Structure formats: C-alpha cells, structure tokens
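>>> Let me see the structure of the following:
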Amino acid sequence: MRAFITGVLLTIVAILGGIYLLLNQGKFPVGADNPPGWLERRLANMAVDQYVDRNAPKQSNPMQPTVDNLTAGARAYEQNCSYCHGGAAQRISPMRTKFNPPVPQIINHIPGDPDANLFWVVKHGIRMTGMPTWDGILNDAQIWQIVAFIKNSGKLPPEVQEAWRQAATPPPSAPSNQVPAPAGAAAPSAPSR
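Numbers count the residues shown, from 1 in each chain. Predicted coordinates:
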C-alpha cells in the first residue's frame, strides 16, 4: 500500500513538474490567436460559471422591460458593448475572433444566464478574457438596463428598435479630403483675384 501511495504522489509531482517546465520554458501558447485547448476551456468555463453563480446578486432585475428602460439599455449597450459583442449596425462584430476566448455575440445568441449573473459579469468583468469591469464607468441602474435590453433584444418594441438603430448610426463627419492644418500653422490666405 505504501508503494502505491508513493507512486501516486510521484506521478502527481511529475505532472506538476512537467506543467511548470512547459510554462517556464515559454512553450505554452499565450497569444490571443492561439485557441485554448479543451482542458483549459473546460476548466476556465467551469471556474467562471461557479464563481459567478456564487457571487452574483441574489435578486431579479429591478429594471422592468419598459420602453424607457429598454431604450436607455439599447443606447448604453450600443455605446459600450456593441463593438465587441455585435450591435444594430453589425450583428456580428469583427472583433469576435480577435479575443481568446472568442467574444460572445450576445445579440445573435441571447444568453440564458440569469439576469443577476449577466449584471455581475458586466459590473466586474472576467479576468484574462478581455471583458473589462464597467464598475465606476456605468452605474448599477445602467448595467441593469443593459441586461434588460440584452435579454429582450430578440423582441424589442418598434420604437426601441428604432432608437437602437439610431444609436448605431455614426454622426456625419467632415469631408475626408480636408486635412487639418498643423498646430501653430498660419491659416491659409484667400486666393487673390
């Protein structure tokens, strides 16, 4: 029995030593363009799911899906979230595959997670995924409105849909053939006749 326990312990030490050497020798691919392996993906997803379940607020969304709340959520979402997660102008973000793990396109695949879990993820972010914390940038009411918008984005009233589309429309810009003068340069003089 003692030999068996010793063998198990030596195996564990060998595995941990091999992992340490792999990491220490720079052989673990850390670039965002290297897909994670199945074990890394499984362990990371499990850790995120369990931690968020444990730490998310134990409440329902205080922001009811009224036209006003959905419109505010649509505007805040479009301004802060759509570039990575897809929006009214581009339902699939070009940034989708530029993060590792890939960015969820939550407008095309509405998350089934409880509202409180989405609130927690938006407020606190997820380490090593590119999902930042929005705490201090957005207040709790804004985050709850974004969550209400996301969860109802597949069945928006027409006026909310229009407000979302307008929020995605870029403002008109100056003609592209005009180049601003360098700082401190004299203004161009009027042509002489």
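
>>> Straight-line length of stretch 26-41, end to end?
20 Å (C-alpha to C-alpha, to the nearest Å).

>>> can you check stretch 55-74 too?
26 Å.

>>> Name the residues of it that are buried.
Under the neighbour-count criterion of 16 or more other C-beta atoms under 10 Å, stretch 55-74 has 56-57, 61, 63, 65, 69-74 buried. Where you see a C-beta, it was placed from the backbone N, CA and C, and this is true even at glycine.

>>> Please apply the same query to stretch 155-165.
So stretch 155-165, judged by 16+ other C-beta under 10 Å, has buried residues 156, 160-161, 163-164.

>>> quick one: contacts for the residue nearest in space to the middle of the chain?
The centroid of the chain falls nearest to residue 131 when counting by C-alpha atoms, centre = their mean (4.2 Å). Residue 131 makes contacts with 121, 125, as judged by C-beta atoms under 8 Å, 6 or more residues apart in numbering.

>>> if we go to 10 Å?
48, 84-85, 99, 101, 103-104, 121-122, 124-125 (C-beta atoms under 10 Å, 6 or more residues apart in numbering).

>>> Quick one, which of these are buried?
Counted by 16+ other C-beta under 10 Å, the contacts of residue 131 give 48, 84-85, 99, 101, 103-104, 121-122, 124 as buried.

>>> I'd like to know how many residues surround the residue lying closest to residue 140 once chain neighbours are set aside.
Nearest residue to residue 140, sequence neighbours excluded (C-beta to C-beta, 6 or more residues apart in numbering): residue 123, at 7.4 Å. For residue 123, the neighbour count with other C-beta atoms under 10 Å is 20.

>>> immediately after the helix or strand hosting residue 123, which helix or strand?
Per DSSP states H and E: residue 123 is located in helix 115-124. As assigned by DSSP H and E, the chain's next helix or strand after helix 115-124 is helix 140-152.

>>> Now do residue 167, the pLDDT please.
Note on residue 167: pLDDT of 95.

>>> I'd like the numbering to begin with 45 instead of 1 from here.
Sure thing, new numbering starts at 45, so read that last one as residue 211.

>>> Distance-wise, check it relative to residue 204.
10 Å (C-beta to C-beta, to the nearest Å).

>>> tell me, what's touching those two both at once?
Between them, residue 211 and residue 204 share the contacting residues 115, 118-119, judged by C-beta under 10 Å, 6+ apart.

>>> in the chain, what spans have low per-residue confidence?
215-237 (pLDDT under 70).

>>> can you map out the strands along it?
Counting by DSSP state E, no segments of the chain form strands.
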